[in-house]
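**Student:** this one's sequence-less:
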């Protein structure tokens, strides 16, 4: 900001400085609703060093007080010895105290709603100029320039010696020589420069404060927005969890209630096929056989739903026993032998002799293999090949995602490794990671070729996890898939 040229007298000069310091500036919006104290706005040490260099240059004392009367800057030049001498006598000490109190606290006269600077003449004949510091309409404090001896005065005022007769004229005049004698135009220049310096300091400091406050407000607003979104997400998550729980309970209840009548349907179908109610002929036997097969398929589906809902709700229970896995694995193949014969699929079973005893749930381990074989059967075309193999294997578990433990080495463990490999259609690379999700179908279109609920592999994953094992898949589209299960020994 450019200040007007210095006028000839200190009074008009002080008015110009005050106008420069109080001229309003446009601020986009209201950022700070509270009043800013000068001591909080300006770095006191830097401000003191700046004005000290200014005072050394012009050899005039400078004092700055904030609006609460706290002294921020006090630079004395030349008058310390004289003031110290006058402080020795009671009369002049009282006069000095009264003068200093007035310089700090006397109210400014106002013109057009703005405080105006004023001149204070000391009883010694020295002079001070007191300028209000105002920024954006807020009183920030006051600046006191002086004391200095006006150039048109020959020396100390006679009033000084009447206040206390013990003051020695010769000594007082000798100490006065250290005080700056300055013409009014020099004081005007000093005030001009001071006005520009303080104006820049206040403007820069306020801009930094506004920038800081805007940043804090932005961060605070963003935090509150994120907090509100987090709250909404928590509420939605709780609702989804409640709905999921209701769905699981519904599936479990309905599946359980369906099992009893369906078991009866299958049982009566078997009795009809055995001729208990009379011999069946021709199409009668075919129809009953179809009822039995479809009932068995539906019962398997209901069993899958029950297993999935139990695993999801955390109610999956294991009947832990020690067992030989060989007969369990061999028995699991019986579930797909008829389908293999029907589709002319070659089934190969390669179980290494002397597999170690496992400690776990025999039926759940059997279900793991049954589901893997059923999955292989569904996606292997006619004339394909399915292989079930098992052997003892020692090694580290495969890494999961960003597993930092892999950086430091994963300890080897003993497992029974079960592998189900097929020559089916394979799984696209971008969908391999999702095949163990509940109800997930690689082909989820309404016209998909292969049926199913998408629960088989999810059940496999839950049963393997319950045994603290690992399951993973490797697949190439058009060549087949290889599912590997590691059950710890």
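**Tutor:** Perfect, I can see it now. Since we're looking at a predicted model, the values are computed, not measured.
**Student:** what helices or strands is the top helix by length along the chain leaning on?
**Tutor:** Selection of the longest helix in the chain by residue count, based on DSSP state H, yields helix 184-273. Counting contacts by 3 or more CB pairs under 8 Å, 6 or more residues apart in numbering; DSSP states H and E, helix 184-273 packs against helix 10-22, helix 38-41, helix 44-58, strand 127-135, strand 138-150, helix 283-313. For glycine as for every other residue, the C-beta is placed from the backbone atoms N, C-alpha and C.
**Student:** For the fourth one, which strands pair with it and how are they oriented?
**Tutor:** By that I understand strand 127-135. Here strand 127-135 is paired, per DSSP bridges, with strand 118-121 (antiparallel), strand 138-150 (antiparallel).
**Student:** Residue 43: how many residues sit nearby?
**Tutor:** Residue 43: 13 surrounding residues under other CB atoms under 10 Å.
**Student:** on that earlier part again, so which of the helices and strands packed on helix 184-273 comes closest to residue 423?
**Tutor:** Closest approach to residue 423 among those is made by helix 283-313 (24.1 Å; CB to CB).
**Student:** Please identify the buried residues of stretch 135-143?
**Tutor:** The neighbour-count check on stretch 135-143 (16 or more other CB atoms under 10 Å) flags 135, 139, 140, 141, 142, 143 as buried.
**Student:** okay if I get these as TSV plus distance to residue 88 and pLDDT?
**Tutor:** Below are the buried residues of stretch 135-143 laid out as TSV (distance: CB to CB, whole Å; pLDDT from 0 to 100):
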residue	distance to residue 88	pLDDT
135	41	79
139	36	81
140	36	86
141	31	89
142	29	92
143	29	92
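**Student:** could you dump those residues to TSV with distance to residue 354?
**Tutor:** TSV is the format used below for these (distance: CB to CB, whole Å):
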residue	distance to residue 354
135	91
139	95
140	92
141	94
142	99
143	98
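**Student:** can you list the weak-confidence ranges in the stretch 1-150 of the chain?
**Tutor:** By pLDDT under 70, the low-scoring segments of the stretch 1-150 of the chain are 1-35.
**Student:** Out of the buried residues of stretch 135-143, which is nearest to residue 426?
**Tutor:** So of the buried residues of stretch 135-143, ranked by how close each gets to residue 426 (CB to CB), first place is residue 135, at 74.6 Å.
**Student:** so how far is residue 123 from that closest one?
**Tutor:** Look at residue 135 and residue 123: by CB to CB, to the nearest Å, they are 33 Å apart.
**Student:** Residue 463 now?
**Tutor:** From residue 463 to residue 123 the distance is 101 Å (CB to CB).
**Student:** Please identify which of those two sits among more neighbours.
**Tutor:** In this view residue 463 and residue 123 are compared by other CB under 10 Å, and residue 463 has more residues nearby, 26 against 18.
**Student:** and the more buried one, that one's in a helix?
**Tutor:** Yes - per DSSP: H, G, I helix; E, B strand; the rest coil, residue 463 lies within a helix segment.
**Student:** Would you mind saying which of the strands paired with strand 127-135 lies nearest residue 472?
**Tutor:** That would be strand 138-150 among the strands paired with strand 127-135, by CB to CB, at 69.2 Å.
**Student:** hang on, isn't residue 92 packed against residue 159?
**Tutor:** No - the criterion here is CB atoms under 8 Å, and residue 92 misses it with residue 159 at 10.6 Å.
**Student:** which residues does residue 67 contact?
**Tutor:** Counting by CB atoms under 8 Å, 6 or more residues apart in numbering, residue 67 touches 37, 38, 139, 140, 141.
**Student:** Reformat the helices and strands packed on helix 184-273 as CSV; add distance to residue 183.
**Tutor:** Listed next are the helices and strands packed on helix 184-273 as CSV, based on distance: least, CB to CB, whole Å:
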stretch, distance to residue 183
helix 10-22, 10
helix 38-41, 31
helix 44-58, 12
strand 127-135, 12
strand 138-150, 8
helix 283-313, 94
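**Student:** closest to residue 385 out of those?
**Tutor:** Among the helices and strands packed on helix 184-273, the nearest to residue 385 by CB to CB is helix 283-313 (23.9 Å).
**Student:** need the strands paired with strand 127-135 in TSV with distance to residue 333, can you?
**Tutor:** Shown next, in TSV, are these (distance: least, CB to CB, whole Å):
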stretch	distance to residue 333
strand 118-121	108
strand 138-150	89
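**Student:** Nearest to residue 96, out of those strands?
**Tutor:** Residue 96 lies closest, by CB to CB, to one member of the strands paired with strand 127-135: strand 138-150, at 11.0 Å.
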